[in-house]
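[1] below are the sequence and a predicted model; questions follow.
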Amino acid sequence: MTINSEPVVRVDHVSRWFGSVVAVSDVSFDIKPGITGLLGPNGAGKTTLLRMITGLADVSDGTVTVLDQPIRNNSALFGRIGVMSEHETVYGFMKGREFVKIMGRLRGVSDLDAAADRAIELVDLVEASHRPMGTYSRGMRQRMRLAATLVHDPDILILDEPLNGADPLQRVQFQDLMRRFAADGRTIVLSSHILEEVEQVADTVLLIVNGKLAASGGFRAIRAALDKRPYHVRVMSDSPRELAAAVVTLDSVEAVNIDPDGAIVVLSNNVRALQIELPLRAEAASIRLFGVEPMDDSLESVFGYLVDG
Amino acid sequence: MSSVYLLTLSQLSGRWRLLVMSVLALMPIVLTESLVLVPSGASVDEFELIVLNTMLAGSITPLVVLAIATVAFGNEVEDRTLANLTLAPIPRWQIVVPKLLATVSVAAPFIAISALATSHVAFNADATATIAVTVSTLVGLALYSSAFVWLGLATTQAVGVGLLYIVLWEGFFTTYISGVRLFSIRAYSIALMHGLDERRFADTENLGFGVTVAVSVVVFFGFLLLTIRKLRNMDVP
């Protein structure tokens, strides 16, 4: 590994709002060589953040620098960056190989044929490369777009939901490819709303929730941070008052309220512990539980991931 | 620049679009042939007003250009392929200029043939008049191209806004309010035609030749700069 410790991408107190909607709020982090996963539920602000990192969108506040230079309108930097957006930005009338070559030509690649061959081989689409991209499956279009992203051999790869449409074998091949690139000392940022995708490949994770950086670091640190985050959890049972009395003494519980509809709302500082202790207390008090659900919608999917994980 | 130019040419050369442009370009020729065949015919003034001014400079040219120019960026914004270009290590003007050139390249043959054939038939193959009509129409095409390429980037409703502009501004206001002709591409085109063949198209109502040339340059490069500026400042989808 030839990874150094200098940040390649620096996001400093960046915010972005659209009218009254705040998409990204005061986010700061550094990205170093290796694989960094940008994780968060759909609508969390990952794509907006990546668009600001690539200079496609402007920041409302703060600064984004790549290789110590402002990225916005700094076209010279794009010779070193490969970007794959989440959208299928292909020209349907164009053959796959033509697409890769024209992307290479736009990025100043000198030996276009050799570069296109190499990139197409990396994504294992040699046979299909002479067909119009309009005839490709979604997964094939994604792979050919990845080839076009790699054609100029960039130092920095920024990939937004790169595994959309990929089958399990393609996912494994993609992860192997990313690990090889990371081992070469490149910087790779990939976003996903699927925990496992990021977990299997990323060295560092940035968890974005509601436009804010909820946690960052290694995967274990992320899980720990999420577990310690206070959650409102709504619990339905046949004896709410007795259940409230039973759980209020738990260390993982900070407060309990009883809703008019008979459910109790538990404010927990350790949702993982609550998951284990709540059924035990209910069973001990002969209380039947009908349902347990996190009330913070924006965290619901992340919560679900953690529970499933 | 050649990659963006060739890519844009491919995007603009849709079969239906070319067919519609062919039909539009044929219309002034057909109308002129009809006027020539009618025994009473039309005077030069009537021909200029109906065919050259209202039809060729005021309707056909802007409509053909609108169909092409708004697509140059509009389609890329809509299908989000514009990022393929803006994420390349090339300055913005090297995206805008080839797109504008491609727009002119696709639209110009249709309009040039239309203007050439129309004036050739109407003026009995008079070379000066034919050149005056063709050149002034092509200048108008270049100005409309610059304006509509910008429009295609500035709004997702470019075709609707462009049609309103053609009908209301170029068609209505500049016909009835002489003061606004300083801001009309149609008026520039007609004034250039007058200036290039004063013998045939003498008319004191139009802008002077020198003023028209100067204003045309300002309009062309003004919209070009606006497009580059817009591409620099916008959030690319």
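    Cool, got the structure. Values in this document were obtained by computation on a predicted structure and should not be read as measured data.
[2] out of the helices and strands in chain B, which is least certain?
    Scoring the helices and strands of chain B by mean pLDDT, DSSP states H and E places helix B:44-47 at the bottom, with a mean of 79.
[3] CA atoms only for the helix or strand just after it - export them in PDB, please.
    Sequence order places helix B:61-78 as the next helix or strand after helix B:44-47, per DSSP states H and E. Extracted in PDB, the C-alpha atoms of helix B:61-78 (Å, rounded to 0.1, in the frame of the first residue of the first chain):
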ATOM      1  CA  THR B  61     -35.500  31.000 -39.600                       C
ATOM      2  CA  PRO B  62     -36.300  31.400 -35.900                       C
ATOM      3  CA  LEU B  63     -38.500  28.300 -35.900                       C
ATOM      4  CA  VAL B  64     -35.900  26.100 -37.500                       C
ATOM      5  CA  VAL B  65     -33.200  27.500 -35.200                       C
ATOM      6  CA  LEU B  66     -35.400  27.100 -32.100                       C
ATOM      7  CA  ALA B  67     -36.000  23.400 -33.000                       C
ATOM      8  CA  ILE B  68     -32.200  22.900 -33.100                       C
ATOM      9  CA  ALA B  69     -30.600  25.300 -30.700                       C
ATOM     10  CA  THR B  70     -32.800  24.600 -27.700                       C
ATOM     11  CA  VAL B  71     -31.800  20.900 -28.000                       C
ATOM     12  CA  ALA B  72     -28.100  21.600 -28.000                       C
ATOM     13  CA  PHE B  73     -28.100  22.000 -24.200                       C
ATOM     14  CA  GLY B  74     -31.700  21.300 -23.400                       C
ATOM     15  CA  ASN B  75     -31.600  17.500 -24.100                       C
ATOM     16  CA  GLU B  76     -28.300  17.200 -22.200                       C
ATOM     17  CA  VAL B  77     -29.900  18.900 -19.200                       C
ATOM     18  CA  GLU B  78     -33.000  16.800 -19.500                       C
END
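[4] quick one: list the elements packing against helix B:61-78.
    Using 3 or more C-beta pairs under 8 Å, 6 or more residues apart in numbering or on different chains; DSSP states H and E as the contact test, the elements touching helix B:61-78 are helix B:2-12, helix B:15-37, helix B:82-86, helix B:93-122, helix B:127-154, helix B:158-164, helix B:185-196. Where you see a C-beta, it was placed from the backbone N, CA and C, and this is true even at glycine.
[5] winner for burial among these?
    Among the helices and strands packed on helix B:61-78, helix B:185-196 has the highest mean neighbour count (mean count of other C-beta atoms under 10 Å in any protein chain shown), at a mean of 26.
[6] tell me which parts of chain B are close to chain A?
    Taking C-beta under 8 Å from any C-beta of the partner chain as the contact definition, chain B meets chain A at B:3-4, B:7, B:10-11, B:79-81, B:83-92, B:232-233, B:235-236.
[7] near chain B, which residues of the stretch 51-200 of chain A? Just list them.
    Counting by C-beta under 8 Å from any C-beta, the residues of the stretch 51-200 of chain A near chain B are A:51, A:54, A:56-58, A:73, A:75-79, A:81, A:83, A:85, A:87, A:89-91, A:93-94, A:102-103, A:105-108, A:148.
[8] in strands, which of these fall?
    With DSSP state E as the criterion, strands contain A:81, A:83 from among those.
[9] of the residues of the stretch 51-200 of chain A next to chain B, buried ones?
    Buried members of those, scored by 16 or more other C-beta atoms under 10 Å in any protein chain shown, are A:51, A:54, A:56-57, A:75, A:77-79, A:81, A:83, A:85, A:87, A:89-91, A:94, A:102-103, A:105-107, A:148.
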